[in-house]
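Q: sequence below, structure please.
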Amino acid sequence: MFKFLKDVVAGSVAGVKDLPYTIGEPYSSAWGSWTHSRGTSKVDGSPVSIFSLSGSNDNDGRLAAGRNGIKRLRTVRHPNILSFLHSTEAEIMDGSSTKVTIYIVTEPVMPLAEKIQELGLQGTQRDEYYAWGLHRIAKAVSFLNNDCKLVHGNVCLESVVVTQTLDWKLHAFDVLSEFDGNNEAASGPMLMFSGLKLSKTEELRNTASLPKSLLPDYQRLLSSTPSRRLNSSKLVENCEYFQNKLVDTIHFMEILNLKDSVEKDSFFRKLPTLAEQLPREIVLKKLLPLLASALEFGSAAAPALTPFLKIGAWLSAEEFNIKVLPTLVKLFASNDRAIRVGLLQHINQYGESFTSQVVDEQVRIKY
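A: Alright, predicted model coming up:
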């Protein structure tokens, strides 16, 4: 099956003249009839995701839905919704017949089911990651429902993808439609926990797989009267399920500019110990870049150096040079004297990474 998909995708590339991307290996799962493949830009080699959908002719219903999804994804922008980059259509010869194929190019992502399997999280760390991810999807749904007056119509495991920083993002907008007061759906949480697809609406009431802290609000989402259903914005704001160390830590970092210096200092002094308790992969791929950005752009002060260097020490030497060293080089020119002093105090943790070439060509010490 994998070889078949690869051959189909590879064969279709030849007919796509205006797609400035190279289509690579397909993932084993995607939403609906779409194929989700890895891809790269022909311009600079940067990674992307490429989604493709084929129909027997231009009037195929799946293509009509796919075009709706493209239009919606192109115009709806939100941090928790998949970022659109490019789209095109092509007529592809398939033996003696011609097929119409739609392509959508997005930021590089991976199907949620495959990423969960790859991470292999267990126990509390798995539960915290699920909560963080669902918090992101709930915010995306809230944005669609409350700000755009739209309904996704199929929030499920397959309509969620994961970025390189392990953020969950919502996509699969083929059946996205205007909200009419009666069509709001709330199937997402149950299907993500059970990994099953709905065969009938009544299965929404099967809540055996849901965490107890999520259950009361989930049941309120299922009110038989649409006007009485729990608004998705209230789910994000008040649900006990979303209150855990991982969600709180990342949320604090994302609104760091709104915190005063006392709150920041307290947070960063606790962070080295807290980071030990959080999923290592998420700390390295999500929290570390947030720390680097905060230090570079001035929203984090000298106390943030300690957790930044501690987390950075968990990387390989090669990754350290890519993800940590550039930030340290920039900080030597910081206007914050406390940061410059802190760099010298911690130099034994990173000094060996500073080659003579780096010192001569990149480090600009501010006195």
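
Q: after the helix or strand containing K310, which helix or strand is next?
A: For K310, the host element (DSSP states H and E) is helix 305-312. Downstream of helix 305-312, the first helix or strand assigned by DSSP H and E is helix 317-323.

Q: can I get that next one in CSV? Just the C-alpha atoms.
A: The C-alpha trace of helix 317-323 is given here as CSV (Å, rounded to 0.1, in the frame of the first residue of the first chain):
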residue,chain,number,x,y,z
ALA,A,317,26.8,18.9,20.6
GLU,A,318,25.6,19.4,17.0
GLU,A,319,22.1,20.4,18.2
PHE,A,320,23.5,22.7,20.8
ASN,A,321,25.5,24.6,18.2
ILE,A,322,22.3,25.0,16.1
LYS,A,323,19.7,25.8,18.8
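
Q: show me what it is packed up against.
A: Contact partners of helix 317-323 among helices and strands, from 3 or more C-beta pairs under 8 Å, 6 or more residues apart in numbering; DSSP states H and E: helix 288-297. Bear in mind the C-beta positions are built from the backbone N, C-alpha and C, glycine included.

Q: what ranges does the chain have for its strands?
A: 21-26, 35-41, 47-55, 84-94, 97-106, 109-111, 150-151, 160-163, 168-170, 177-178 (DSSP state E).

Q: mind listing the residues bridging to P111?
A: Beta bridges link P111 to V161 when assigned by DSSP bridges.

Q: is it true that it touches W34?
A: No - using C-beta atoms under 8 Å, P111 is not in contact with W34, being 10.7 Å away.

Q: measure the residue located most distally from the centre of the chain to E25 for me?
A: Of all residues in the chain, S96 has its C-alpha farthest from the mean position, at 40.8 Å, by C-alpha atoms, centre = their mean. Distance of S96 to E25, computed by C-beta to C-beta, to the nearest Å: 28 Å.

Q: do P216 as well
A: 43 Å.

Q: do the same with D127
A: Applying C-beta to C-beta to D127 and E25 gives a distance of 31 Å.

Q: compare the two (neighbour count), which wins?
A: Taking other C-beta atoms under 10 Å, D127 and E25 do not tie; D127 has more neighbours (16 against 13).

Q: where does pLDDT dip in the chain?
A: 1-17, 180-191, 194-199, 357-367 (pLDDT under 70).

Q: got the domain ranges for it?
A: Here the domain parsing of the chain from automatic domain parsing is 2-108, 111-242, 245-361.

Q: would you check that S54 makes contact with A90?
A: No - at 9.7 Å, S54 does not count as touching A90 under the criterion of C-beta under 8 Å.

Q: just checking, what's the longest helix in this protein?
A: If you go by DSSP state H, the chain has its longest helix at helix 123-142.

Q: counting by contacts, list what that helix packs against.
A: Using 3+ C-beta pairs under 8 Å, 6+ apart: helix 123-142 touches strand 160-163, strand 168-170, helix 188-194, helix 232-238, helix 245-254.

Q: rerun that using 6 Å as the cut-off
A: Using 3 or more C-beta pairs under 6 Å, 6 or more residues apart in numbering; DSSP states H and E, the elements in contact with helix 123-142 are strand 168-170, helix 232-238, helix 245-254.

Q: possible to save the ones you listed as TSV with distance to L309 and mean neighbour count?
A: Shown next, in TSV, are the helices and strands packed on helix 123-142 (distance: least, C-beta to C-beta, whole Å; neighbours: other C-beta atoms under 10 Å):
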stretch	distance to L309	mean neighbour count
strand 168-170	29	23
helix 232-238	33	17
helix 245-254	16	18
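
Q: for the spatially most central residue of the chain, which non-adjacent residue is closest in space?
A: In the chain, the centroid-proximal residue (C-alpha atoms, centre = their mean) is D167; its distance is 2.6 Å. Of all residues not flanking D167 in the chain, R136 sits nearest, at 6.1 Å (C-beta to C-beta, 6 or more residues apart in numbering).

Q: my guess is the one you found contacts L166, does it?
A: No - contact criterion C-beta atoms under 6 Å: R136 and L166 do not qualify, at 10.2 Å.

Q: neighbours of Q219, how many?
A: Neighbourhood size, Q219 [other C-beta under 10 Å]: 15.

Q: tell me the spacing between the nearest residue to it once chain neighbours are set aside and N145.
A: Among residues not flanking Q219 along the chain, T207 sits closest, at 7.4 Å (C-beta to C-beta, 6+ apart). From T207 over to N145 the distance is 22 Å, taken as C-beta to C-beta.

Q: repeat that for T249.
A: In terms of C-beta to C-beta, T249 sits 27 Å off from N145.

Q: now do S356
A: S356 is 57 Å from N145, by C-beta to C-beta.

Q: when those two are compared, which one has more neighbours?
A: N145 (17 against 7).

Q: isn't L144 up against G153?
A: No - in this structure, L144 is not within contact of G153 by C-beta under 6 Å, at 9.9 Å.

Q: so for these two, which residue has more residues nearby?
A: L144 (26 against 17).

Q: residues contacting the more buried one?
A: 150, 152 (C-beta atoms under 6 Å, 6 or more residues apart in numbering).

Q: mind listing what H152 touches?
A: H152 touches 144, 176, counting by C-beta under 6 Å, 6+ apart.

Q: please redo it, this time with the cut-off set to 7 Å
A: Listed by C-beta atoms under 7 Å, 6 or more residues apart in numbering, the contact partners of H152 are 141, 144, 170, 176.
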